[in-house]
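Asks: Here is a sequence with its predicted model. Questions after.
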Amino acid sequence: MSSPAATSPDSSRSIRHVAIVGAGTIGASWAALFLAQGLEVVVSDPGPHAQGQTVARVQAAWPVLTELGHVRAGATPDALRFEPDLEAALAGADFVQENAPEREDFKTDLFARMDAVLPPHVIVASSSSGLIMSRLQSRCRHPERFVIGHPFNPPHLIPLVEVVGGDQTSAQTMDRAIDFYRSMGKHPIRLNKEVPGHIANRLQAALWREAIHLAAENVASVADIDAAVSQGPGLRWALFGPHMTFNLGGGEGGMAHFMHHLLGPVQTWWDDLGAPDVTPDLQQRLIEGVNAEAGHRSIADLVETRDAQLTALIKTLRR
């Protein structure tokens, strides 16, 4: 299989060389995916241990990428290049995936710095999980090329990428970013407007808020509240989102039947949802609850289990 190139719909420019700014778990995961897809990848992070950690994380992701069939012929994790100097890392880049700390002031400064050295056609996509792009691009000379490209962790496994433009992001940038992510095997979705947290994190936050409320009210243990999701609706959500799930809940009449006959009870549940005050005592209860749920399994063990089961699920859903 030849190396891919995501091509702009209005020019002959293609994306072959990706610079990843900010390593960490997200940056390393992006690096593994882009390398597996046959792109030239350089990672930049000033941290003293960033290079070794990135190499280790890419190597760890490679077997899963291979199992899922995401590794193109000739691709190798050894092709990863690391460059701690930002300006040197950006040289020759066709696309930048930024994964710096989730602080608006830090990213705003970083964007202005990258904007000063990159050619105008190079897209800069931020992995920000909830910041507003209109603010981040505000000090840039070429704000039209900045966009949110928010993945779900881990990016080399989870297909979703939320693509969100700021006030000054061009339609061309949105289209090119979506085309690029799709060429990488991702499932990009386009947000029509900016909201803090984008879509997926807001949905997660809403569910977690109620889960915390249920724990605070001692309705059930932390482990049983988690099981109520993972052993119930979470299995359906791997197949369909909430709207389609309730469409099926309406039987042959679909969503129309659900709205007419079942919306009333759901409305009473909405009216009773909680808004917990997460006090230090409640925080400690949640910490103790998840520790009890984890048992003797370390974070590394839990991540390994998660990734193995995600891989199996993704393979199943492809059939």
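Replies: Everything's here; your move.
Asks: and the residue nearest to Phe152 when sequence neighbours are not counted, how far is that from Ile20?
Replies: In this structure, Phe152 finds its nearest non-sequential neighbour in Ile158, 4.0 Å apart by Cβ to Cβ, 6 or more residues apart in numbering. All C-beta spots, glycine's among them, are computed from the backbone N, C-alpha and C. Look at Ile158 and Ile20: by Cβ to Cβ, to the nearest Å, they are 17 Å apart.
Asks: Same check on Arg236?
Replies: Look at Arg236 and Ile20: by Cβ to Cβ, they are 35 Å apart.
Asks: centre of the chain versus the one helix or strand Ala292 maps to, how much separation?
Replies: Applying DSSP states H and E as the criterion places Ala292 in helix 280-294. Here helix 280-294 is found 26 Å from its chain centre; the criterion is Cα atoms, centre = their mean, to the nearest Å.
Asks: Which is the succeeding secondary structure element to that helix?
Replies: helix 299-317.
Asks: With just CA atoms, put that next one into PDB.
Replies: Backbone C-alpha positions of helix 299-317 (Å, rounded to 0.1, in the frame of the first residue of the first chain) are rendered in PDB as follows:
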ATOM      1  CA  ILE A 299      -3.600   2.100  36.100                       C
ATOM      2  CA  ALA A 300      -1.300   0.400  33.600                       C
ATOM      3  CA  ASP A 301      -3.300  -2.900  34.000                       C
ATOM      4  CA  LEU A 302      -6.600  -1.000  33.500                       C
ATOM      5  CA  VAL A 303      -5.200   0.800  30.400                       C
ATOM      6  CA  GLU A 304      -4.100  -2.500  29.000                       C
ATOM      7  CA  THR A 305      -7.500  -4.100  29.600                       C
ATOM      8  CA  ARG A 306      -9.300  -1.000  28.100                       C
ATOM      9  CA  ASP A 307      -7.200  -1.000  25.000                       C
ATOM     10  CA  ALA A 308      -7.400  -4.700  24.400                       C
ATOM     11  CA  GLN A 309     -11.200  -4.700  24.800                       C
ATOM     12  CA  LEU A 310     -11.500  -1.500  22.600                       C
ATOM     13  CA  THR A 311      -9.500  -3.300  19.900                       C
ATOM     14  CA  ALA A 312     -11.800  -6.300  20.100                       C
ATOM     15  CA  LEU A 313     -14.900  -4.100  20.000                       C
ATOM     16  CA  ILE A 314     -13.700  -2.100  17.000                       C
ATOM     17  CA  LYS A 315     -12.900  -5.300  15.100                       C
ATOM     18  CA  THR A 316     -16.400  -6.600  15.900                       C
ATOM     19  CA  LEU A 317     -18.100  -3.400  14.800                       C
END
